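**Student:** here is a sequence together with a model predicted from it:
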Amino acid sequence: MGGTLLGMHVVNACLTLVTLGGYHFWGKAKIRRYLFGHTSFAGDRFAYHGTGKELYQGFLKAMLVFGIPYFLLSAAHTFLDLPGWIDVPAQGLAGLVLFLYVPVAIVNARRYRCTRTSWRGIRFSFRGRTADFLKLYCRGWFFTVLTLGTYYPYFHTQRQAFLHSHTFFGNQRFRFTGHGSGVMIPFAVTLFATYAVLGLCGFALALQLTNAGLALLLIPIVLGPLWIWLRGQQQRYVWNHTSFGAARFSSDITWQRLFTLYLGNLGLLLVTLGWAWPWVTVRNARFFSATLSLHGPADLDRVLQDTTEASVTGEGLSNLLDTGFDMDA
């Protein structure tokens, strides 16, 4: 499977170069159809119905809504001799445009991808309102900054609750019952250790100690595994509190397995100078699908097709900064 994916990537890269980037969207849709078509649940495979034309049109719309305004505001001082009282607010507005882009892209990319994904001929859908998620996103980051990061577990859980509980399969919705307090202890340990390690490194550099270089090694050696451990804790908690009807999802991710996955992926990419990316993609897909299961009675016969459609603008927004939702998040 990795070899086939590599061939597809090579062909897509060549055609993208020949078309000056235009084929990128058709190549992306082709890769998604291949990956979804090789992912199955209960013996039936998923299907992806998005097209390159939709992705291209969404990208153009996203450029009009966010890309061009951001470029004009951020680069105005490069072409014009603007006084400070104009340039500073312009840069602030550019930052605001970039900040608002992310939540809009997350919601609308999820909406588009859900409506273009099906299983047993029935499509998924996402019915969350962009305005509601935008309020949640702004409030969450405000309190996260205000509390020096300690509010982030609650913000992260609220964000996942919004995305999961507004996702439907046909006419049946997913539900989420998690709370930020469920991941507060792992996050507090990780945050405290991060502050301690960064403070120690800063102290060593400020005093120009002879072992300052060794102190910097604490960042990848200590913080790397620690943040991977936190990611595993968060993913397991989120999926263990997600349900569909009377059935509940269960994740058996452990930090050891996740660390081994990431370490193996890094090794493959370094040894092959990036050529192993298709195998990394396959490894990730197999890992997260193998660690996720659904337990309990799920009356799939009661699921009816939903006719909700979605704009492709959000998918285009996602392409701008590669922001979107992942099924393993």
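**Tutor:** That came through fine. Predicted model, so just to flag it, every value in this text is computed and none were measured.
**Student:** for this structure, which segments count as helices?
**Tutor:** 2-18, 24-37, 52-62, 68-79, 84-115, 130-146, 152-165, 184-206, 212-216, 218, 224-240, 255-271, 277-290, 313-321 (DSSP state H).
**Student:** in CSV, list those along with distance to residue 305, mean pLDDT and mean neighbour count.
**Tutor:** Using the backbone N, CA and C atoms, a C-beta is placed for each residue, glycine as well. As requested, these are exported to CSV (distance: least, C-beta to C-beta, whole Å; pLDDT from 0 to 100; neighbours: other C-beta atoms under 10 Å):
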stretch, distance to residue 305, mean pLDDT, mean neighbour count
helix 2-18, 30, 90, 14
helix 24-37, 18, 93, 18
helix 52-62, 20, 89, 19
helix 68-79, 38, 84, 14
helix 84-115, 11, 89, 18
helix 130-146, 24, 96, 15
helix 152-165, 21, 96, 20
helix 184-206, 40, 88, 15
helix 212-216, 56, 69, 14
helix 218, 54, 78, 17
helix 224-240, 26, 94, 19
helix 255-271, 36, 94, 15
helix 277-290, 24, 92, 17
helix 313-321, 22, 61, 24
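**Student:** out of these, nearest to residue 300?
**Tutor:** helix 84-115 (17.1 Å; C-beta to C-beta).
**Student:** what helices or strands is the closest one leaning on?
**Tutor:** helix 52-62, helix 68-79, strand 122-126, helix 130-146, strand 167-169, helix 313-321 (3 or more C-beta pairs under 8 Å, 6 or more residues apart in numbering; DSSP states H and E).
**Student:** chain center to it: distance?
**Tutor:** Averaging C-alpha positions (C-alpha atoms, centre = their mean, to the nearest Å) puts helix 84-115 16 Å from its chain's average.
**Student:** for stretch 43-55, same thing?
**Tutor:** When C-alpha coordinates are averaged (C-alpha atoms, centre = their mean), stretch 43-55 and its chain have centres 18 Å apart.
**Student:** on that earlier part again, make JSON lines from the helices of the chain and add distance to residue 177 to it.
**Tutor:** As requested, the helices of the chain are exported to JSON lines (distance: least, C-beta to C-beta, whole Å):
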{"stretch": "helix 2-18", "distance to residue 177": "36"}
{"stretch": "helix 24-37", "distance to residue 177": "28"}
{"stretch": "helix 52-62", "distance to residue 177": "33"}
{"stretch": "helix 68-79", "distance to residue 177": "38"}
{"stretch": "helix 84-115", "distance to residue 177": "20"}
{"stretch": "helix 130-146", "distance to residue 177": "17"}
{"stretch": "helix 152-165", "distance to residue 177": "8"}
{"stretch": "helix 184-206", "distance to residue 177": "16"}
{"stretch": "helix 212-216", "distance to residue 177": "42"}
{"stretch": "helix 218", "distance to residue 177": "37"}
{"stretch": "helix 224-240", "distance to residue 177": "10"}
{"stretch": "helix 255-271", "distance to residue 177": "23"}
{"stretch": "helix 277-290", "distance to residue 177": "21"}
{"stretch": "helix 313-321", "distance to residue 177": "27"}
